[in-house]
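In: sequence first, predicted coordinates after that:
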Amino acid sequence: MNTISAYVFRQALGPLLAILGALAAIAILTQGLNQLDIIITNRRAGFAFAWVTILALPQLISLILPMAVFIAVVYALNRMHSESEIAVLYGAGVSRQRLARPIIQLAVLAALAHLAINVVVQPWAFKERRETFYALRTDIASSLVEEGSFTYPTEDFTLYARSRGGGGELRDMLINDARTNPSITYTARAGAIATIDGKPAIVMRDGQIQRQNDDGGVDVLDFDRYVLQFDGVFDEPELFYLKASDRTLYQLFFPDLTAHFDQRNIEQFQAEGHSRLAAPLLNIALAMIALVGVLVGEFSRRGYGRRIMWAAIVALLVRLSALATQAAAADDPELNVLQYAVPIGVILICTFMLGGRSARKKRVAMGPSVLARAEA
C-alpha cells in the first residue's frame with residue numbers, strides 16, 4: 001500500500017472505529033440501566049451483568065457493521081472533497097479506481113472481521129453468556145429478595161424475609177408455595193439461597209411447615225434444616241433453547257433432528273446460517289455505494305449533500321432488503337440464494353459505475369479542470 005492509499009485508508013478507518021466505539025458504549029449503557037437495581041443490590045452481580053453486556057456486543061456489531069462502514073466511507077470521502085484533496089489527487093493523475101482501492105480494502109477487512117464474528121465470536125460469546133447466567137443464578141435470585149418486603153417471583157409463590165445478614169443470609173423468613181394444592185406455608189428463623197444440582201434452591205433452618213389437611217385442620221411439621229427447590233421460580237426459559245442467532249454454524253446447517261424444537265425450526269436455522277455467510281458481503285456492497293455516491297458525478301462547489309442523501313437511502317434499502325430476505329427465507333428456503341444475490345448484485349452494479357471511464361480519460365478530462373475550478 002503506497003502513501004496515497006495508506007492516507008485514504010486511515011481517513012476511513014478512524015471514523016469507522018469511532019462509530020463502532022460509540023454504538024458499543026451506548027449498548028453497554030442501556031443494558032446497564034436495565035439492570036441497575038440488581039447492580040446496586042449485588043456488586044458481584046453488577047460485575048457479571050457488565051460482562052454479560054460485553055458478551056452481547058458481537059451480535060450488535062454484526063448488525064451495525066455494514067452501515068458503520070458506509071457512514072465512515074461517506075464521511076471520509078466527503079471531507080476530502082470539501083478540502084479539495086480529491087481534486088488535487090485527480091490533478092496529480094490519481095484515477096478514481098486507485099482512490100477507491102484502499103476503501104475497498106477496508107471494506108474487505110471489515111467483511112472478514114464480520115465473518116469471524118458471525119462464525120466464531122458470536123456463538124462463543126453466547127455460550128459464555130449462558131454459563132455466566134447459570135453461575136450467577138443464585139446471586140440473581142438472592143438479589144430479587146428485598147428485606148422487609150413481600151416478593152412475588154411468580155403468581156403462586158410468595159417470599160418474605162425480615163432482614164438480610166452477611167453472606168446472603170435471610171432472617172425470619174416466610175414462604176407461601178401455592179404451586180401445590182393445598183398450598184404450603186414455610187416459616188424459618190434463617191435461610192439462604194444456594195445452588196443444588198445446578199438449580200436454585202433455598203436452605204431453611206429452624207422452622208415449620210404448615211399445610212391444610214383434608215379434615216380442614218392444619219398439619220404442622222418442625223424441622224432443623226429443610227431444602228426447598230424453586231422448580232422454575234427463578235428459571236430463565238430462554239437459556240434452555242438455543243435460538244437460531246445463538247447457534248454455531250454447524251448447529252444451524254446440521255440441527256439435531258431428534259429434538260422437536262429443531263425439527264420445527266429447520267428453515268429458520270438455514271436462513272440464519274446463510275445470513276451469517278452472506279451478511280459480510282454487505283460491508284463491501286455498502287462501501288461501494290458510498291464510493292459511487294461521492295466519487296461518481298461532476299465536481300460541485302456546493303457540496304454533495306443530495307448525492308450523499310440518495311446514497312444513504314439506497315444503502316438503507318439494501319440493508320433492509322437483506323433483513324427482509326432473511327425473514328422470507330425462514331419461510332421459503334429457496335429464497336436463501338437471494339441473501340447472496342442482493343449484495344453481490346450491488347457490488348457488480350457499483351463496480352460498473354465506478355469503472356465507467358478509464359484512468360487515462362479521467363486524468364485528461366477531469367484533472368486540470370477540477371484543479372482550475374477548485375482554485376477559482
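Out: Ah, there it is. Model, not experiment: these values are computed from the prediction.
In: average pLDDT for the helix or strand where Val8 lies?
Out: Assessed by DSSP states H and E, Val8 sits inside helix 3-34. Helix 3-34 shows a mean pLDDT of 81.
In: one more: stretch 148-159?
Out: For stretch 148-159, mean pLDDT is 79.
In: measure it end to end?
Out: 10 Å (CA to CA, to the nearest Å).
In: distance-wise, check Val296 relative to Ile4.
Out: Look at Val296 and Ile4: by CB to CB, to the nearest Å, they are 20 Å apart. C-betas here are computed from N, CA, C, even on glycine.
In: what do you get for Phe261?
Out: In terms of CB to CB, Phe261 sits 54 Å off from Ile4.
In: who has more neighbours, the two?
Out: Ile4 (15 against 12; other CB atoms under 10 Å).
In: isn't that one up against Leu89?
Out: Yes - contact criterion CB atoms under 8 Å: Ile4 and Leu89 qualify, at 6.8 Å.
In: need the strands for the chain, in chain order.
Out: Secondary structure of the chain (DSSP state E): strands located at 150-154, 157-164, 170-177, 184-196, 199-212, 218-229.
In: I'd like the ones you listed as a markdown table, with mean neighbour count and distance to Asn336 appended.
Out: Listed next are those as a markdown table, based on neighbours: other CB atoms under 10 Å; distance: least, CB to CB, whole Å:
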| stretch | mean neighbour count | distance to Asn336 |
| --- | --- | --- |
| strand 150-154 | 13 | 41 |
| strand 157-164 | 18 | 45 |
| strand 170-177 | 18 | 49 |
| strand 184-196 | 18 | 42 |
| strand 199-212 | 18 | 39 |
| strand 218-229 | 12 | 44 |
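In: dump these to CSV, plus distance to Ala68.
Out: Shown next, in CSV, are those (distance: least, CB to CB, whole Å):
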stretch, distance to Ala68
strand 150-154, 40
strand 157-164, 45
strand 170-177, 47
strand 184-196, 40
strand 199-212, 40
strand 218-229, 47
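In: which one of the ones you listed lies closest to Leu277?
Out: strand 199-212 (37.6 Å; CB to CB).
In: thinking again about what came up before, going by mean pLDDT, which of the strands of the chain comes out lowest?
Out: When I compare those, strand 150-154 is least confident, with a mean of 76.
In: what is the mean pLDDT for stretch 335-354?
Out: Averaged over stretch 335-354, pLDDT sits at 92.
In: which one is Leu291 nearest to, not counting chain neighbours?
Out: Nearest residue to Leu291 in three dimensions, chain neighbours excluded: Ala100, at 5.0 Å (CB to CB, 6 or more residues apart in numbering).
In: that neighbour is in contact with Gly293, isn't it?
Out: No - in this structure Ala100 lies outside contact range of Gly293 using CB under 8 Å: 12.0 Å.
In: next, count neighbours for the closest residue to Gly293 other than its chain neighbours.
Out: Computed as CB to CB, 6+ apart, the closest residue to Gly293 that is not its neighbour in sequence is Ala311, at 2.6 Å. Residues contacting Ala311 under the criterion other CB under 10 Å number 22.
In: which residues does Ala311 contact?
Out: 74, 289-290, 292-294 (CB atoms under 8 Å, 6 or more residues apart in numbering).
In: roughly how far apart are the closest residue to Ile289 other than its chain neighbours and Ala107?
Out: Using CB to CB, 6+ apart and skipping the chain neighbours, the partner closest in space to Ile289 is Ala315 (4.9 Å). Distance, Ala315 to Ala107, by CB to CB: 12 Å.
In: between these two, who's got more neighbours?
Out: Ala107 (30 against 26).
In: pLDDT score assigned to the more buried one?
Out: pLDDT at Ala107 comes out at 94.
In: repeat for the one 5 residues further on
Out: Each residue has a pLDDT score; the one for Leu112 is 95.
In: my read: it touches Pro280, true?
Out: Yes - contact criterion CB under 8 Å: Leu112 and Pro280 qualify, at 7.2 Å.
In: ok, those two, which is more surrounded?
Out: Taking neighbours as other CB under 10 Å, Leu112 and Pro280 compare with Pro280 leading, 25 against 12.
In: relative to Thr325, how far out is that one?
Out: Distance from Pro280 to Thr325, by CB to CB: 15 Å.
In: and for Leu282?
Out: 11 Å.
In: now Ala194
Out: In this view, Ala194 and Thr325 are 48 Å apart by CB to CB.
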